[in-house]
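Engineer: here's a sequence, model it:
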Amino acid sequence: MTKLTLGSHPFLLGFDQLERLVERTAKAGNDGYPPYNIEQRGENSYRITLAVAGFAEEDLVITVEDRQLMVRGKQSDDSAERVFLHRGIAARQFQRSFVLAEGVEVAGATMEHGLLHIDLNRAVPESVVQTIRISKGGARA
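Structural biologist: Numbering: from 1, shown residues only. Prediction:
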């Protein structure tokens, strides 16, 4: 018995990119830090909120490359100047990625009370009807 994949099904032409996208997302393997929420704020708008307490805006980098939203955080190490009697708050770096669907764009990012909000908008494609002309015999148009 052969396994039918999304890209090989005869009725789903051109969906091989979607299959690669799903594989890439599954391999991301995020470790759960920092915790995040994803909410739908309208029919075509979303918000990703990451809990980044202890990070300043300059400690965070947000990039989009090849439909992948990447959030990286690295705190400056100022522990040499401080003496900790107990250190229970980890100052660790992180990398969190999200795969964006075609047409989803980052609208902006804001920091508020230790939360990083990344707003996303999905462009609504225009409905286009195209008529294909049929040529006779072996002639190609």
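Engineer: quick one: residues contacting the residue most central in space within the chain.
Structural biologist: Geometric centre of the chain, nearest residue: residue 98, 2.5 Å, by CA atoms, centre = their mean. Contacts for residue 98 (CB atoms under 8 Å, 6 or more residues apart in numbering) come out as 48, 68, 69, 71. The C-beta positions use only the backbone N, C-alpha and C, and glycine is treated the same way.
Engineer: repeat the analysis, applying 10 Å as the threshold.
Structural biologist: Contacts for residue 98 (CB atoms under 10 Å, 6 or more residues apart in numbering) come out as 25, 28, 30, 36, 38, 46, 48, 64, 67-71, 104, 118, 120.
Engineer: wait, a strand at it?
Structural biologist: Yes: secondary structure assignment (DSSP: H, G, I helix; E, B strand; the rest coil) places residue 98 inside a strand.
Engineer: from residue 136, how far off is it?
Structural biologist: 50 Å (CB to CB, to the nearest Å).
Engineer: do residue 50 as well
Structural biologist: Distance of residue 50 to residue 136, given as CB to CB: 60 Å.
Engineer: who's more crowded, the two?
Structural biologist: residue 50 (23 against 5; other CB atoms under 10 Å).
Engineer: hang on, the earlier thing: could I have the buried ones of the contacts of residue 98 as ChimeraX selection syntax?
Structural biologist: A single ChimeraX command selects the buried members of these (16 or more other CB atoms under 10 Å):
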select :36,46,48,69,71,104,118,120
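Engineer: so after the helix or strand of the chain with the lowest mean pLDDT, what's the next helix or strand?
Structural biologist: The helix or strand of the chain with the lowest confidence, counting by mean pLDDT, DSSP states H and E, is helix 16-27 at a mean of 66. Going down the chain from helix 16-27, the next helix or strand is strand 36-42, by DSSP states H and E.
Engineer: good, we can wrap up now.
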